[in-house]
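Chemist: I'd like to go over a predicted model; first the sequence, then the structure.
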Amino acid sequence: PNAEEIQIVAKLYWPNGAQRGLDEERTIPAFGRIYESVTELFSLVNTEQVSDGFVWVEADGPGAIGFELIELEDTAIGLNAQTPNNATTLYSAQLGHAVDLFTDLKLVNTTDDLVQLTVTLVFQNESLGTRVARPSLLSKQTFQNDIGSWFGIPLPPEPAVGSIKVEATVPGIVGDVLFGDRNSARNAAALPLQSQLFTLALHSQVANGQDPSDPSNGQFTGLALFNPNPENAEVLIEVFDRDGELVGDAAVILGPARRISNTLVELVPESAGLVRGYIVIQSDLPIVGQELFGNNGLDYMAAVPPEIIE
């Protein structure tokens with residue numbers, strides 16, 4: 001996005017932390033871009049299959065913006081590029097495990113050291129409670145697994161939902177969650193793990209439209225909020241229209257280690273039918289939050305991290 005050309009260096013790492021091949025260098029012109037598949041960028045041969053690992057990109061000068069697109073047979077998933085941060089704790093307010101629902105956790109060690117991790121699943125289902133695992137990752141190594149398979153949780157008769165907390169011994173761990181339909185992944189979405197808690201955040205998408213002649217085209221917006229604190233969090237959810245007028249609000253008490261996940265209409269009934277607006281979330285304690293929107297027929301679905309203000 002700069003008024004000058006920049007140079008980038010891209011590296012492909014396998015799940016075990018080994019680099020595949022040599023560095024790939026590219027020049028991006030001013031206000032220009034490169035858009036290549038992993039196969040094209042790293043000159044992979046047809047017999048090489050990539051289902052894990054990660055791409056590391058370094059840019060000189062004022063830097064670059066990165067985006068990853070994963071295309072499956074029936075869906076597409078997008079993730080913004082992540083940068084190593086100073087956080088040692090990461091969160092996801094989205095965790096689902098059921099006969100027809102999966103959650104996949106991906107972690108990457110961007111450091112040069114061995115990192116010890118503590119992964120905690122906080123289920124809202126009393127029968128499952130809290131589950132803990134303590135894996136470790138070597139330098140540039142990745143971890144990717146289905147939550148149910150990894151923790152040995154059988155498929156429950158009712159959906160098991162909750163949140164994820166990842167703690168690392170040193171900064172430099174990044175990751176994401178992929179969740180969706182277990183049978184075909186036709187409706188799936190991905191979210192980066194949240195490294196920063198917020199007390200004030202904004203979501204710029206509201207899509208609660210409904211076409212009475214074709215309900216499958218109706219749109220929905222949902223929110224998931226997680227309180228990782230040992231005390232109650234008082235949360236205010238405000239919905240505004242495109243002109244900045246307040247449509248409605250809702251006050252929510254989130255108990256310690258508790259989560260809510262509802263459509264916006266369930267939380268703020270006045271938002272029914274609203275298309276083109278935004279959501280402001282305020283909390284007296286730092287919390288985790290994510291947005292999900294799509295259409296009622298699940299022809300598309302997108303998960304969106306918050307725009308953190310404070």
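Modeler: Looks like it came in fine. Computed from a predicted structure; not experimentally measured.

Chemist: wait, what's in contact with Asn208?
Modeler: Neighbour list for Asn208: Gln219, Phe220, Thr221, Leu264, Val265, Ser271, Ala272, Gly273, Leu274, Val275 [criterion: CB atoms under 8 Å, 6 or more residues apart in numbering]. (C-beta placed from N, C-alpha, C; glycine too.)

Chemist: Tell me the confidence at it?
Modeler: If you check Asn208, the pLDDT there is 87.

Chemist: longest single strand anywhere in the chain?
Modeler: strand 277-295 (DSSP state E).

Chemist: Report the buried residues of that strand.
Modeler: 277-283, 285, 287-295 (16 or more other CB atoms under 10 Å).

Chemist: Could you tell me which of the contacts of Asn208 belong to helices?
Modeler: Among these, DSSP state H puts Leu264, Val265 in helices.

Chemist: Buried by neighbour count, from the contacts of Asn208: which ones?
Modeler: The neighbour count (16+ other CB under 10 Å) marks Gln219, Phe220, Thr221, Leu264, Val265, Ser271, Leu274 as buried among the contacts of Asn208.

Chemist: Would you reformat these as a markdown table and include distance to Asn2 and pLDDT?
Modeler: Listed next are those as a markdown table, based on distance: CB to CB, whole Å; pLDDT from 0 to 100:
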| residue | distance to Asn2 | pLDDT |
| --- | --- | --- |
| Gln219 | 35 | 85 |
| Phe220 | 38 | 88 |
| Thr221 | 34 | 91 |
| Leu264 | 37 | 92 |
| Val265 | 42 | 92 |
| Ser271 | 39 | 91 |
| Leu274 | 37 | 87 |
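
Chemist: just to revisit the earlier point, the longest strand of the chain pairs with which strands, and in what direction?
Modeler: Using DSSP bridges, strand 277-295 pairs in its sheet with strand 198-203 (antiparallel), strand 219-226 (antiparallel), strand 233-241 (antiparallel), strand 301-304 (antiparallel).
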